[in-house]
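Engineer: What shape does this take:
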Amino acid sequence: MKYGGVMFARTVARVNSVLMLHADTPLAAADIARAAEVAYTPGVSALATLEKRGLALRTRRAGHDEFEPDKGSAYYPMAHATALVDLPLAAALRGQRVYAVYAYGSLAQPGGGSRTSDLDLFIVGDVKDRAGLIKHLGAVGTLFNRVIDAFILSPEQFERAKEQQDPHVGSALAGVRIMGSL
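Structural biologist: Sure thing, here's the model as predicted:
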């Protein structure tokens, strides 16, 4: 079944990421599906699933439905953290020796940030092509109408910064771990 099981779970995860991390504006289902890079029908089904679970609010405006996260839901903090963990970073990180990625700053906090907030990522790894990584992260940010600001350190730079109790590194490590561990 094309949209059953794992395929549908991935669709729900992608739609959840768009819903939770897109700039604070209710979006039409078609816009969410486009940003999540899924077809319209499974995108609408994923939105219905999120709505049923109390994670999405539907409002009717100008003759069509718009969706936004239900920030009053007890499950909102978990859905927001899951959206960060489910960011489509695989293509951006491919070919790089990345050991850990953390989201931090205002958007790492449920309900944090504003329409103009960037998404801060802390990346530790032996990154050979920084320009290529930044370009790929920019494409991911475009999906969410956000700028992604990457703070990239080699493992050696990370260890030195940690020893010196760098507050920027401390803030990043207090964020949401997307992958790896330090």
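
Engineer: Show me where this structure has its strands.
Structural biologist: Remark: strands assigned in the chain by DSSP state E are 27-28, 56-61, 64-69, 97-104, 119-126, 148-153, 176-180.

Engineer: Show residues contacting the shortest one.
Structural biologist: To tie it back to what came earlier, the one meant is strand 27-28. Residues outside strand 27-28 that contact it (C-beta atoms under 8 Å, 6 or more residues apart in numbering): Val18, Leu19, Ala35, His64, Asp65, Glu66, Phe67, Glu68. Bear in mind the C-beta positions are built from the backbone N, C-alpha and C, glycine included.

Engineer: from the chain's centre, how far out does it sit?
Structural biologist: A distance of 18 Å separates the centroid of the chain from that of strand 27-28, by C-alpha atoms, centre = their mean, to the nearest Å.

Engineer: The second one now?
Structural biologist: Centroid separation for strand 56-61 versus its chain: 21 Å, with C-alpha atoms, centre = their mean.

Engineer: same deal with the fourth one?
Structural biologist: The chain centroid and the centroid of strand 97-104 are separated by 13 Å under C-alpha atoms, centre = their mean.

Engineer: Direction included, what does that strand pair against?
Structural biologist: Paired with strand 97-104 in the same sheet, following DSSP bridges, are strand 119-126 (antiparallel), strand 176-180 (antiparallel).

Engineer: For those, give me CSV that also has distance to Gln96.
Structural biologist: Below are the strands paired with strand 97-104 laid out as CSV (distance: least, C-beta to C-beta, whole Å):
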stretch, distance to Gln96
strand 119-126, 6
strand 176-180, 12
